[in-house]
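Take this sequence and fold it.
(one chain, ligands or ions: 1)
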Amino acid sequence: AAPDSDGRPDLLARRRASFATVQGHYYAEPPRIERGWRHHLVSTEGRSYLDIVNNVTPLGHAHPGVERAVTRQLRRLNTNSRFHYGSVVEFTERLAALLPDPLDTVFLVNSGSEAVDLGIRLAIGATGQHDVVALREAYHGWTYASDAVSTSLQDNPNALSTRPSWVHTVDSPNSYRGRHRGEEAARYAPEAVRLVEELAASGRPPGAFVSESYYGNAGGVPLPAGYLEQLYAAVRRHGGLAVADEIQVGYGRLGEWFWGFEEQGVVPDIVCVAKAMGNGHPLGAVITSRAVAERYRDQGYFFSSTGGSPVSSVAGLTVLDALRDEDLQDNAVRTGGQLKERLTALGDRHGIVGAVHGSGLYLGLELVRDRTTLEPATEETAELCDRMLDLGVVVQPTGDHLNILKIKPPLCIDAAAADFFADALDLALTQLSAHR
Ligand code: PMP
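Below is the predicted model of the structure:
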């Protein structure tokens, strides 16, 4: 690539030279982003892009309320939560109040990986049972324990053969393209329960069952009705605990439900949250019952130097205020509903649209070469994402076959932007079929 105007190698080459290759970047020729505003990103060339991927910024980019609150707090004090100050207490109370009984005890961390790692350690510590059951096609993080239960082939093609022996996986309970489809999807739960029973019978009852409670990483596919109820009951019957990863789907994004587990009508024992909590500021949490938290005391240590800092707590409180004051969960219902209708209608015009999954502003547009065989349109999806960038939209694929557009924009996205996205997609799909 051509050097920058200052004569140094271009920024992308410098990035590649200093980053480990395991961490990629979006697009072969990514725009250089220097600003964000609401659901828009602006490049150094002054081009504006509609941001369809940022579930880390539910309030939108450069939110003035967060900016004001965080800068004010940075000027006053930033330290660790061994000190006694108001915002961290207020924030933990507000978080606990968002969860049903008996989930009343909060651990504040800095990321989703930390939250899942701690969630697993709490479950193992509280139960003394060291085996864990996880779903296939899952991503839960990169730390030791959260990576151990990450089975997604999209991130690591060797994921299933390289998990530690204490991790036991069950089928991705995908009612669209899994082993059991449609009504048959009711068979996933009894099969997974059978694995739990077999583990218990062999003297290794799992200490935890870990899963997203609405299947974000599989493309926003809801779990089959009753799935978590049956799995939670099975692990609890053998002394284990239910760990819910709400990092992508929780915090209001699903519209109808603040938490994914509400859709399944269950209450987990341990809930892991991150991403949306800080609107981009590093923030994560694990919320559990007092009893589970207490049992961990003689099993492990917990303190995070920056988790729950005054700045993090203020960021977290401001996000909760804005979610409420700006009516963002309702907007997920309204704008997400409108968008899902538009995307579903694209299926009438474009045979490659296999399904539109999801709820609220967590949607997945799945592309297939054939609606009967469901052969994944992986290359087409990659090409579509490049075309969408040309049209001014940032959108990316997910799922084990990378054939699902994950649609999880800032929750402030408005009707006009949702229409722009659907129109751009219509055009890009038309160009794609003409070209292939
Ligand atoms: N769980 C899920 C479901 C996620 O999507 C992610 C992030 N993609 C994580 C955990 C890990 O979160 P983080 O990147 O904040 O460590």
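
separation between the nearest residue to A355 once chain neighbours are set aside and the ligand?
In this structure, A355 finds its nearest non-sequential neighbour in E366, 4.6 Å apart by CB to CB, 6 or more residues apart in numbering. From N, CA and C alone the C-beta is placed, and that goes for glycine too. Applying CB to the nearest ligand atom, to the nearest Å, the value for E366 to the ligand is 18 Å.

other SSEs contacting the helix or strand E366 falls within?
Using DSSP states H and E, E366 falls within strand 362-367. Applying 3 or more CB pairs under 8 Å, 6 or more residues apart in numbering; DSSP states H and E, we find strand 362-367 packed against helix 328-349, strand 353-359, helix 378-390, strand 404-407.

Parallel or antiparallel, list what pairs with that strand.
Paired strands of strand 362-367, with direction, are strand 353-359 (antiparallel), strand 404-407 (antiparallel) (DSSP bridges).

Show residues contacting stretch 223-242.
Applying CB atoms under 8 Å, 6 or more residues apart in numbering, the set of residues contacting stretch 223-242 from outside is 122-123, 126-127, 129, 133, 173, 175, 185-186, 188-190, 192-193, 196-197, 199-200, 205-209, 211, 213-215, 261, 264-266, 268-270, 292.

I'd like to know which of these are buried.
122-123, 126-127, 129, 133, 173, 175, 185-186, 188-189, 192-193, 196, 199-200, 205-209, 211, 213-215, 261, 264, 266, 268-270, 292 (16 or more other CB atoms under 10 Å).

helix/strand/coil for the residue nearest the centre of the chain?
The geometric centre of the chain, computed from its C-alpha atoms, lies nearest to Q248 (CA atoms, centre = their mean), at 2.2 Å. Three-state secondary structure (criterion: DSSP: H, G, I helix; E, B strand; the rest coil) places Q248 in coil.

and it, what is it in contact with?
55, 212, 216-217, 275, 362, 408.

at 6 Å what do you get?
Listed by CB atoms under 6 Å, 6 or more residues apart in numbering, the contact set of Q248 reads G216.

confidence score at it?
pLDDT recorded at Q248 is 97.

Phi, psi for the one residue in the chain that gets nearest to the ligand please.
Proximity of the chain to the ligand (CB to the nearest ligand atom) peaks at G112, 2.2 Å away. Backbone geometry at G112, expressed as degrees, to the nearest 10, gives phi -70, psi -40.

residues touching the residue nearest to it when sequence neighbours are not counted, list them.
Of all residues not flanking G112 in the chain, A274 sits nearest, at 3.5 Å (CB to CB, 6+ apart). Neighbour list for A274: 111-112, 115, 247, 284 [criterion: CB under 6 Å, 6+ apart].

which of those residues sit farthest apart?
S111 and I247 (8.9 Å; CB to CB).

re the thing from before, can you give me the mean pLDDT across the strand holding E366?
The average pLDDT for strand 362-367 rounds to 98.

can you check stretch 39-57 too?
Stretch 39-57 comes out at a mean pLDDT of 97.

doesn't D426 fall inside a helix?
Yes - the assignment for D426 by three-state DSSP puts it in a helix.

Tell me the confidence at the nearest residue to it once chain neighbours are set aside?
Counting by CB to CB, 6+ apart, D426 lies nearest to L346, which is 5.9 Å off, once chain neighbours are set aside. The model reports L346 with a pLDDT of 98.

Ok, P3 next?
At P3, pLDDT is 66.

I'd like to know which residues of the stretch 201-350 of the chain are adjacent to the ligand.
Residues of the stretch 201-350 of the chain lying close to the ligand (CB under 6 Å from any ligand atom) are 212, 216-217, 245, 247-248, 274.

And the pLDDT for V22?
88.

Can you tell me the number of residues neighbouring it?
Using other CB atoms under 10 Å, V22 is surrounded by 8 other residues.

Point out where the stretch 301-436 of the chain drops to low pLDDT.
Within the stretch 301-436 of the chain, no range satisfies pLDDT under 70.

about what we covered before: what about the contacts of stretch 223-242, which are in strands?
133, 206-209, 211, 270 (DSSP state E).

how does this structure divide up, domain by domain?
31-59+327-435, 66-325 (automatic domain parsing).

quick one: which of these is nearest Q23?
Closest of the domains of the chain to Q23 is domain 66-325, at 9.7 Å (criterion: CB to CB).

how far does that closest one stretch from start to finish?
Distance across domain 66-325, first residue to last, is 13 Å (CA to CA, to the nearest Å).

now swap in stretch 15-22 and tell me
13 Å.

And the nearest residue to P222 once chain neighbours are set aside, how close does it get to Q396?
Distances taken as CB to CB, 6+ apart place Y214 nearest to P222, at 5.7 Å, with adjacent residues excluded. Noted for Y214: a distance of 19 Å to Q396, by CB to CB, to the nearest Å.

And for S150?
18 Å.

ok, these two, which is more surrounded?
S150 (24 against 18).

That one is in contact with H140, isn't it?
Yes - counting by CB atoms under 6 Å, S150 does reach H140; the two are 5.0 Å apart.

hey, where'd the helices end up in the stretch 101-250 of the chain?
Along the stretch 101-250 of the chain, the segments classed as helices by DSSP state H, counting those that start in this stretch run 112-127, 144-148, 188-201, 227-237.

does F303 belong to a helix or a strand, and which?
Per DSSP H and E, there is no helix or strand for F303.

if I pick it, what's in contact with it?
Counting by CB under 6 Å, 6+ apart, F303 has no contacts.

if we can go back for a sec, from what I can see the residue nearest to D426 touches V353, true?
Yes - if you go by CB under 6 Å, L346 and V353 touch, sitting 5.3 Å apart.

what residue ranges in the stretch 1-150 of the chain score low on pLDDT?
Scanning the stretch 1-150 of the chain for pLDDT under 70 picks out 1-6.

re the thing from before, Throw the strands paired with strand 362-367 into a markdown table and include distance to L429, thanks.
Below are those laid out as a markdown table (distance: least, CB to CB, whole Å):
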| stretch | distance to L429 |
| --- | --- |
| strand 353-359 | 7 |
| strand 404-407 | 11 |
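
From the ones you listed, pick the one with the highest average neighbour count.
Stretch with highest mean neighbour count among those: strand 404-407 (a mean of 28; mean count of other CB atoms under 10 Å).

now it: how far from the chain's centre is it?
Between the centre of strand 404-407 and the centre of its chain there are 12 Å (CA atoms, centre = their mean, to the nearest Å).

repeat for stretch 260-275
Centroid separation for stretch 260-275 versus its chain: 13 Å, with CA atoms, centre = their mean.

do the same with stretch 31-49
Centre to centre, stretch against its chain (CA atoms, centre = their mean), the figure for stretch 31-49 is 23 Å.

Flag every buried residue along that stretch.
Under the neighbour-count criterion of 16+ other CB under 10 Å, stretch 31-49 has 31, 33, 36, 38-42, 49 buried.
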